[in-house]
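Asker: need the 3D shape of this:
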Amino acid sequence: MPENALYHVSTDTHSGQRSFGQRSFGQNPARNNFCRLIAVFLLGTGQTTLLISLPAILEETGIGYGVLSTMVALGTGLFIVSAPIWGRISDRYGRIPVIISGTAGIALSFLMLTLSIQGVVSDVLNQQQAIFLMFSARIVYGLLASGLYPAVQAWVIDDSSPSNRARMLSRITASINVGRLSGPLVPAIFISWGSAFPIGVVSLLAMVLFILLVILPVVSVRHDKMSAASNGNVRLLGLMTETWPLLLLACSVTTLFGFLQYLAGPRLHLIVHDGVTTTRLLSILMMLAALSTIIAHLVAARWVQRNLVMALKCGSVLLLIGSMFMVTGERLFWLASGLTISAASVALLTPAYTALASAQASSQQGALTGMLTMIHTIGYTLGALLAGTMNSNGWQQELVGVLVASVSLMITFLWVDHKHGKSLCLRFK
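Answerer: Predicted coordinates for the structure are as follows:
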């Protein structure tokens, strides 16, 4: 491979450190945007494709649903541990190597899943061997793919100015939701050939993206290697001290929205009283929720960029309204309205608080986006646990859960608004 096919070594005249990730030729914004959007699109597609394929995998392999659920949860849990680490690695060595490794992690893990499923179906592997291979695949996924999203976000921050940062981050949020929206199409098209085929398609797409990232001259040209040299002297604790209100806001938002997502199934079942119909309607509702985030990006991205703190206010109010619709509404219309409104609110909130936090992160953008990925995963997990606890005690308990999460959200937001809002907005002017 030619030396300039990926990276060249340069010397930072300010720090005296040799750095990687910069190239001698200029940046191609269209190519960079394409690679970023496709990478997170593939991440979203892979998530939904695997979840939707689980019933077919169970039927073909005979592996219990509990084992398969634990296998999926293992990969998700490893995101919490490894995402912040990958974020800091991207600060030190550049975004592109981390994104390449994340893409390779998706390709390898889905290939291993494909081989394990096909191995059982063709009697090449027994169930125990297949389970071992599946768990190994999810470990690979959790350890490698967890770096992709924070590195892409940090790359966007590197390549954007404060005046358009939230809009660019909103594109990333929209792209991963397009992937989640498109994910059900992969099993719908390929599941007739067996449950291994949809998983294999995701692996193939990831391999193609991996090759493109290796051969295309993509780079984050604004990534400052002098900051990488100084990162060792800047404690992660200092970054958390600077941005903790925004990190807590991110946790509050994802906890409440995760609670609503996992509550949708039980609430829907109370309305239609049929398991098959509930599953079909739930799939439609989740696609509507993903679609609402895309529409919110198309309609409000520029407004969010110009009104970051106001976007937090509007997003918080919409999230609370959507929550009340979902919990108190006894008809499908109110449930669907609540979920779509809540999803749209998250599309406003996420790029806004990420952009505000990036203004304080200075040279540690990768560490910041890694922490946000970790916090988002923790938030959705807490939301799922809260939904499971509340659902067993009736809708009154669900309302209490929403109120508790809502009060936490509003208190956190008021702290951000009054203590940090003005200073943060000044940094963007």
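Asker: check contacts around Thr369.
Answerer: Gly87, Tyr149, Pro150, Ala151, Gln153, Ala154, Ile157, Thr354 (Cβ atoms under 8 Å, 6 or more residues apart in numbering). In short, each C-beta sits where N, CA and C put it, glycine included.
Asker: ok now the helix or strand containing it, how far from the chain's centre?
Answerer: Using DSSP states H and E, Thr369 maps to helix 365-391. Between the centre of helix 365-391 and the centre of its chain there are 10 Å (Cα atoms, centre = their mean, to the nearest Å).
Asker: still on that earlier bit, if any of the contacts of Thr369 are buried, put those into a PyMOL selection.
Answerer: Typed into PyMOL, the next command selects the buried ones out of these (criterion: 16 or more other Cβ atoms under 10 Å):
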select buried, resi 87+149+150+151+153+154+157+354
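Asker: and of the contacts of Thr369, the nearest to Leu74?
Answerer: Comparing these against Leu74 with Cβ to Cβ places Tyr149 closest, at 18.1 Å.
Asker: one step back: so for the helix holding Thr369, mean pLDDT?
Answerer: Helix 365-391 carries an average pLDDT of 80.
Asker: tell me which residues in that helix are buried?
Answerer: By 16+ other Cβ under 10 Å, the buried positions in helix 365-391 come out as 365-384, 386-387, 390-391.
Asker: and the furthest pair within the contacts of Thr369?
Answerer: Going by Cβ to Cβ, the pair spanning the contacts of Thr369 furthest: Ala151 and Thr354, at 13.9 Å.
Asker: in the stretch 251-400 of the chain, which spans are strands?
Answerer: For the stretch 251-400 of the chain, strands defined by DSSP state E, counting those that start in this stretch do not occur.
Asker: low-confidence regions, it specifically.
Answerer: For the stretch 251-400 of the chain, the stretches flagged by pLDDT under 70 are 274-276, 279, 361-363, 388-400.
Asker: show me the helices in it, by range?
Answerer: 275-306, 308-328, 332-361, 365-391, 395-415 (DSSP state H, counting those that start in this stretch).
Asker: which of those helices is buried the deepest?
Answerer: Each of those was scored by mean neighbour count; the highest is helix 332-361, a mean of 24, by mean count of other Cβ atoms under 10 Å.
Asker: just checking, what packs against it?
Answerer: helix 165-182, helix 236-272, helix 275-306, helix 308-328, helix 365-391, helix 421-427 (3 or more Cβ pairs under 8 Å, 6 or more residues apart in numbering; DSSP states H and E).
Asker: can you redo those as TSV with distance to Leu37?
Answerer: Shown next, in TSV, are these (distance: least, Cβ to Cβ, whole Å):
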stretch	distance to Leu37
helix 165-182	4
helix 236-272	22
helix 275-306	12
helix 308-328	21
helix 365-391	16
helix 421-427	27
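Asker: all strands for the stretch 1-150 of the chain, in order.
Answerer: Assigned by DSSP E, counting those that start in this stretch, the stretch 1-150 of the chain shows strands spanning 10-11, 18-19.
Asker: and the last one, average pLDDT?
Answerer: For strand 18-19, the mean per-residue pLDDT is 37.
Asker: and the first one, by the same measure?
Answerer: Averaged across strand 10-11, pLDDT comes to 32.
Asker: right, and Ala174 touches His297 too?
Answerer: Yes: the pair Ala174 / His297 is scored as a contact, 3.8 Å apart, by Cβ atoms under 8 Å.
Asker: still on that earlier bit, now do the helix holding Thr369 against helix 165-182, angle only.
Answerer: Helix 365-391 and helix 165-182 meet at an angle of 50 degrees, taking axes from the mean of the first three to the mean of the last three Cα atoms, to 10 degrees as the criterion.
Asker: report the angle between helix 365-391 and helix 308-328.
Answerer: Using the same axes, to 10 degrees: helix 365-391 against helix 308-328 is 20 degrees.
Asker: between helix 365-391 and helix 332-361, how many degrees?
Answerer: Using the same axes, to 10 degrees: helix 365-391 against helix 332-361 is 150 degrees.
Asker: and helix 365-391 with helix 236-272, angle?
Answerer: Using the same axes, to 10 degrees: helix 365-391 against helix 236-272 is 30 degrees.
Asker: pull the contacting residues for Leu372.
Answerer: With Cβ under 8 Å, 6+ apart, Leu372 has these contacts: Pro150, Gln153, Leu247, Ala250, Thr354, Ala357.
Asker: state the distance from it to Leu54.
Answerer: According to Cβ to Cβ, to the nearest Å, Leu372 and Leu54 sit 28 Å apart.
Asker: same check on Gly258?
Answerer: Distance from Gly258 to Leu54, by Cβ to Cβ: 19 Å.
Asker: which one's more surrounded, those two?
Answerer: Using other Cβ atoms under 10 Å as the criterion, Gly258 and Leu54 rank with Gly258 on top: 23 against 17.
Asker: so that one sits against Leu382, correct?
Answerer: Yes: using Cβ under 8 Å, Gly258 makes contact with Leu382 at a distance of 6.9 Å.
Asker: tell me how many other residues surround Pro29.
Answerer: Using other Cβ under 10 Å, Pro29 has 11 other residues around it.
Asker: pLDDT wise, what is the closest residue to it other than its chain neighbours at?
Answerer: The spatially closest residue to Pro29, leaving aside those adjacent along the chain, is Asp159, at 7.3 Å (Cβ to Cβ, 6 or more residues apart in numbering). Per-residue pLDDT puts Asp159 at 84.
Asker: what's the local residue count around Asp159?
Answerer: 21.
Asker: same thing with Thr114?
Answerer: By other Cβ under 10 Å, neighbour count at Thr114 equals 22.
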